[in-house]
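Colleague: Starting from these lines, generate the structure:
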Amino acid sequence: MYNPLQQRERLDAGSLAMRKTRLLIPSLVILLASCGGTSTSGVINGNWSAGLVNPDASVAFGCVAKFTQQSRTAVTVSNFNFNQTGSCFSGQTSENATFTSTGNSNGVQTGKFGLTISTTSQGARNVLTMQGNLQSNQTNEKITGTWTLTGASACNGSGTFVITPLASP
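Modeller: Numbering: from 1, shown residues only. Below is the predicted model of the structure:
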């Protein structure tokens, strides 16, 4: 038997569920965006100095650059210079970098960092790839990791690196 009062209660319950869903979905989108976003609040921004060493602890390369975090993981590299270039990077280079924040716990910011430096001139292409991890707190900030160099016969190698921020003027 049809009861209009029961039908009305079903409609009200359905409307309530629909209203809750409408409120829940945007909240979930905001929550997921904040968890999945890689905003780093500029933790990587600034002038940095890198020291690359060979497996025998001899100096391979040294360089300085300014890093500026863009949207998501992209990092703009500017004012890049090798301290000593040798024959592997004596001409123009292009630089590409990424930084992905992996967390901030007890005041320690962590993240994955990558930097690729490539020759842009004709001939053999030399590519220096650096992959590492940032650990940053208020008193100690550095990126450590490994590097590999591929290209011309005399421009191959690998080792470790440390990148530290330069003091602000």
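Colleague: Setting the sequence-adjacent residues aside, check what's closest to the residue positioned nearest the centre of the chain.
Modeller: Closest to where the C-alpha atoms of the chain average out (Cα atoms, centre = their mean) is residue 99, at 0.6 Å. Spatial nearest neighbour of residue 99, chain neighbours left out: residue 44 (4.6 Å); criterion: Cβ to Cβ, 6 or more residues apart in numbering. Any C-beta I mention is one placed from the backbone N, CA and C, and that applies to glycine too.
Colleague: Run a quick neighbour tally on the one you found.
Modeller: 24 (other Cβ atoms under 10 Å).
Colleague: per-residue confidence at it?
Modeller: Per-residue confidence at residue 44 stands at 87 (pLDDT).
Colleague: Would you quantify the distance from it to residue 65?
Modeller: Here the distance between residue 44 and residue 65 works out to 11 Å (Cβ to Cβ, to the nearest Å).
Colleague: contacting residues around residue 151?
Modeller: Contact criterion Cβ atoms under 8 Å, 6 or more residues apart in numbering gives 88, 119, 124, 125, 126, 127 as the residues in contact with residue 151.
Colleague: thinking again about what came up before, which residues are in contact with the residue nearest to the centre of the chain?
Modeller: Under the criterion of Cβ under 8 Å, 6+ apart, the contact list for residue 99 reads 40, 43, 44, 67, 69, 73, 75, 111, 112, 113, 114, 134.
Colleague: Can you name the two of these that sit furthest apart?
Modeller: Greatest spatial distance among those (Cβ to Cβ): 43 and 114, at 15.3 Å.
Colleague: what is the residue nearest to residue 136 when sequence neighbours are not counted paired to in the beta sheet?
Modeller: Leaving out its chain neighbours, the residue that sits closest to residue 136 by Cβ to Cβ, 6+ apart is residue 109, at 4.3 Å. For residue 109, the beta-bridge assignment (DSSP bridges) gives partners residue 104, residue 136.
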